[in-house]
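Chemist: just need the structure, nothing else, for what follows:
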Amino acid sequence: AAHGFEPWMPKSKAYVQRRDAGANGEESNEEDEEGAVAKKDPEEVTEPDEKACTTKRNPRREESLSRQNHVSEVEKDPTKHRMDDEDESLHAEMAKRDQKESEPMEVTETGEEEELEHLHQIFVTKNAVLCSEVGKNFRELCQGSEAAQKYLEANQDEKLPVKLQEVDPAGFPLFLDSRQWLLMLDASLEEPHFFKRSEEGHISEEVPGWMENDGPATFIPTDSDLEDESSDDESYDVEGGKELDKLKAAIDAAEESSKQQDGRRTVRREVTYEVFSSELWTRVNRGRVDYHPTLVWMEIMSIIKGSVEAVESKDGFLSEEEYFDVGRKRAEFTGDRHKIYEIFKSYQHQKKQRHMFDEMDLVHDLYKRLTNMEDIDWSIHHVYVDETQDFTQAELALLIRCCRDPNEMFFTGDTAQSIMRGVSFRFKDLRSLFHKARESLQQMGKRTAVQVPDMYHLTHNYRSHCGILDLAAGVINLLEKLFPYSFDHLPKDRGIMEGPKPLLLQGCSQKDLVTLLQGNRRATSTIEFGAHQVVLVANNEAKEDMPDVFRGSLVLTIYESKGLEFDDVLLYNIFKDSQANEEWRVVLTCMTEDAG
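Modeler: Numbering: from 1, shown residues only. Just a heads-up that it's a prediction; the model follows:
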């Protein structure tokens, strides 16, 4: 409000399909009103309605007229000015009250009072580390704004509420990784919940990876933490001293937490790609195909169970005929789809026998419950999705369903950076979701203004210099040649500064590498989302097997580092720890041909 923006929105329902109120086909009064609006001819929409919309959104003219009347009245009566000062002081005192006490009302042109609610915004991404860093950066920005103090007060303990209904209005925006979002949504919707929950909404069964306290540890320290620790001794090497001690302790704690999680006994387990490839692959394949399990997992999670057609189906997956039809439209997989579907049926059988579930089972359950709800008591007005390429169509369709206005959504991503196993995403698939959203609303008899979003290509890279970008462009060229249909072809990134090419270190001892990372402290370098130095490895197995000399260094997997920024990056044994073996020969052959 201090910046001329009122964070209040008309209270309304989320984008959910309504059910008939009774067996006789009669609808509720609210649906009758909506139906009446939907039946109006476009020519019958009068000009005053448009003016009303404009008046609600821009009351500056009324404020200006009020200000002019105020000036003239002060000239007539000087004592009124002192009274107005007292009123302003009283108004400022009332504004400090908790927003939960009473919600403002807006009088529409029809004379009816319309209840308003605080603007509810959420930021969602797959990477828990990135999500934490973005939220941390937002809180630091709020320190410089008096209007944002309510947000800081509401998020002092940084503990997420279990349900959306329990979020303090001043606690928005929420910064959630995808698992936090799905857990919160499961608790917020009506029973039966996907996970067993207590009366307060907490999960009452132990499911590794899905408990409220589970998830990747965010152990990247803030600059303010480092400054506090080093303020007494400027000569102390933070990168090689206190910071490394702190990181080492945090990493040890994260590993200990992971070991405890692995030791849990539970009835239900999630099928991740690691579980699929190591425990289920030989049982479900039985020599049917010689495809890599990654390819089959992608077909199951992105098409058979993760497509928008699948999440809208009764059972949460496509029939064999539907899979053939949808698969041909995607044109990404050229193998035997009949054999893939036979493997999928075996997978479903094995999963059921072992009391397992996968993430798409949860997404379909949430989507079905949300669609069948007659009414909901929470609202989400704006949604921001980062690293969109890591989400399946089903997950994005669920987000669109939850947003009050699908036009108030913002997506960023790069399909060339898609490294999530089981996810095949292109931005044209996202545009098709908005086509379906518009059709769905029209079938419900509602006039809709859902628009297919425009796409903007961000070609200027402000993070990396041209030395790194040229190497990345070479990798993209290989991807375009070897996997032409797997991602969107975008214009080449353009850097704004020159820089050296990345170095390939051979015959370098591990101690020399650590010394290289523990170099001098950068007093002038500012890192907003990340740290100064990092060691990147291919997967969690490689992370656990790191030599002892790296125990004090910040070590992340490729997935954990997505979206973050670093001054120095060491890729450690990326090719050696890769699951690809003979496939690299194809890449080398292609590079040799290009060089020739």
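Chemist: where in the stretch 1-150 of the chain is pLDDT low?
Modeler: 1-115 (pLDDT under 70).
Chemist: what does the stretch 151-300 of the chain give?
Modeler: For the stretch 151-300 of the chain (pLDDT under 70), the answer is 212-266.
Chemist: that one: strands as residue ranges?
Modeler: Using DSSP state E, counting those that start in this stretch, the strands of the stretch 151-300 of the chain run over 174-177, 269-270.
Chemist: against which helices or strands is the shortest one packed?
Modeler: What that stands for is strand 269-270. For strand 269-270, the contact count by 3 or more Cβ pairs under 8 Å, 6 or more residues apart in numbering; DSSP states H and E identifies strand 356-357 as packing neighbours. Just so you know, the C-beta spots here come from the backbone N, C-alpha and C atoms, and that holds for glycine as well.
Chemist: against F175, how distant is the residue nearest to M184 when sequence neighbours are not counted?
Modeler: Nearest residue to M184, sequence neighbours excluded (Cβ to Cβ, 6 or more residues apart in numbering): L164, at 6.0 Å. In this view, L164 and F175 are 14 Å apart by Cβ to Cβ, to the nearest Å.
Chemist: kindly report the same for K196.
Modeler: K196 sits 27 Å away from F175, taking Cβ to Cβ as the criterion.
Chemist: could you do V129 as well?
Modeler: Applying Cβ to Cβ to V129 and F175 gives a distance of 12 Å.
Chemist: hey, which of the strands of the stretch 151-300 of the chain is tucked in deepest?
Modeler: For the strands of the stretch 151-300 of the chain, the largest average neighbour count (mean count of other Cβ atoms under 10 Å) is found in strand 174-177, namely a mean of 21.
Chemist: sheet partners, orientation included, of that one?
Modeler: Paired with strand 174-177 in the same sheet, following DSSP bridges, are strand 121-125 (parallel).
Chemist: can you name the next helix or strand after the partner strand?
Modeler: The helix or strand immediately downstream of strand 121-125 is helix 128-142, counting by DSSP states H and E.
Chemist: show the end-to-end separation of stretch 395-415, please.
Modeler: 16 Å (Cα to Cα, to the nearest Å).
Chemist: would you mark the buried spots in stretch 533-549?
Modeler: Within stretch 533-549, the residues that count as buried by 16 or more other Cβ atoms under 10 Å are 533-538, 542-543, 546.
Chemist: and of those residues, the nearest to V289?
Modeler: Closest to V289 out of the buried residues of stretch 533-549 is A538 (25.1 Å), distances taken as Cβ to Cβ.
Chemist: all helices of the stretch 251-400 of the chain, in order?
Modeler: 273-275, 281-285, 293-298, 308-311, 320-330, 337-353, 359-372, 393-402 (DSSP state H, counting those that start in this stretch).
Chemist: so what's P491 up against?
Modeler: 457, 459 (Cβ atoms under 8 Å, 6 or more residues apart in numbering).
Chemist: let me have the strands of the stretch 151-300 of the chain in a markdown table, extended by distance to H349.
Modeler: Shown next, in a markdown table, are those (distance: least, Cβ to Cβ, whole Å):
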| stretch | distance to H349 |
| --- | --- |
| strand 174-177 | 31 |
| strand 269-270 | 16 |
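Chemist: ok, which of those comes nearest L433?
Modeler: So among the strands of the stretch 151-300 of the chain, strand 174-177 is nearest, using Cβ to Cβ, at 19.9 Å.
Chemist: show me what the closest one is in contact with.
Modeler: 121-128, 131-132, 134-135, 138, 160, 167, 184, 215.
Chemist: run through the helices of the stretch 401-550 of the chain in chain order.
Modeler: 427-443, 466-482, 510-517, 540-544.
Chemist: so which elements touch the second one?
Modeler: Same thing as helix 466-482. Helix 466-482 packs on strand 494-495, helix 583-595, going by 3+ Cβ pairs under 8 Å, 6+ apart.
Chemist: go through the ones you listed and pick out the most buried.
Modeler: strand 494-495 comes out most buried of the helices and strands packed on helix 466-482 by mean count of other Cβ under 10 Å, with a mean of 14.
Chemist: let me see the contact set for V207.
Modeler: 195, 266, 268-270.
Chemist: and it, how far from L176?
Modeler: Distance, V207 to L176, by Cβ to Cβ: 18 Å.
Chemist: so what's V555 closest to, chain neighbours aside?
Modeler: Nearest one to V555, counting by Cβ to Cβ, 6+ apart, is V535 at 4.7 Å.
Chemist: bridging residues for the one you found?
Modeler: V555, L570.
Chemist: out of the strands of the stretch 151-300 of the chain, which is closest to E395?
Modeler: strand 174-177 (12.2 Å).
Chemist: using CSV, write out every CA atom in the closest one.
Modeler: The C-alpha trace of strand 174-177 is given here as CSV (Å, rounded to 0.1, in the frame of the first residue of the first chain):
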residue,chain,number,x,y,z
LEU,A,174,4.9,-18.8,-0.4
PHE,A,175,8.1,-20.3,-1.8
LEU,A,176,7.5,-24.1,-2.2
ASP,A,177,9.3,-26.9,-3.9
